[in-house]
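Asker: Give me coordinates for this.
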Amino acid sequence: QVQLIESGGGLVQPGGSLRLSCSASGRTFSGGAMGWFRQAPGKERDFVATISWNLGITIYTESVKGRFTISRDNTKNMVYLQMNTLKPEDTAVYYCAARKVPTISRAANEYAYWGQGTQVTVSS
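Answerer: Next up is the predicted model:
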């Protein structure tokens, strides 16, 4: 079993930055790709970014390219999402997720483990 705990959310003004962190624990964490998803009120959970286990391969949803950066530190079992130039439409609950395999995916149903989420609100 893998446990994921997100942190770093909060209220930020448009144009500001936040860094989300995801702490992973559990014996089966090793070797899995990681992803960030978000869910705005009344909407479905959407893909944001993903990173492979050890090759640093990343993909992003179009709306965050050039503004968000996903990274990981496997020595610390941590995954990060650096979010810059935030916009009101980035407001959502952000979830960290882990796959059981090292390859990346945009599909939420291909992730086996999920955190509880952290709220990000972008507003003036």
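Asker: T69 - nearest residue in space that isn't next to it in sequence?
Answerer: Q82 (4.4 Å; Cβ to Cβ, 6 or more residues apart in numbering). Just so you know, the C-beta spots here come from the backbone N, C-alpha and C atoms, and that holds for glycine as well.
Asker: Bridged to the one you found, which residues?
Answerer: Here Q82 sits in beta bridges with R19, T69, going by DSSP bridges.
Asker: ditto for Y113
Answerer: Taking DSSP bridges, one finds A98 as the beta-bridge partners of Y113.
Asker: and it, what does it touch?
Answerer: Shown here is Y113, whose contacts under the criterion Cβ atoms under 8 Å, 6 or more residues apart in numbering are 1-4, 97-98.
Asker: per-residue pLDDT, it?
Answerer: Per-residue confidence at Y113 stands at 94 (pLDDT).
Asker: and if you look at S30?
Answerer: S30 is given a pLDDT of 69.
Asker: cool, and R67?
Answerer: 98.
Asker: got it, and R27?
Answerer: At R27, the pLDDT value in this model is 64.
Asker: Begin at 12, not 1, for the rest of this chat.
Answerer: Got it, first residue is 12 now, which makes that one R38.
Asker: Stretch 116-131: end-to-end distance?
Answerer: From its first residue to its last, stretch 116-131 covers 23 Å (Cα to Cα, to the nearest Å).
Asker: same deal with stretch 64-79?
Answerer: End-to-end distance of stretch 64-79: 19 Å, with Cα to Cα as the criterion.
Asker: Find the residue ranges of this structure scoring beneath the pLDDT cut-off.
Answerer: By pLDDT under 70, the low-scoring segments of the chain are 38-41.
Asker: My guess is N88 contacts S34. True?
Answerer: Yes: applying Cβ atoms under 8 Å, one finds N88 in contact with S34, separated by 6.7 Å.
Asker: which residue ranges form the strands in the protein?
Answerer: Across the chain, reading from the start of the chain, the strands by DSSP state E fall at 14-18, 21-23, 29-36, 45-50, 56-62, 69-71, 79-84, 89-94, 103-109, 124-125, 129-133.
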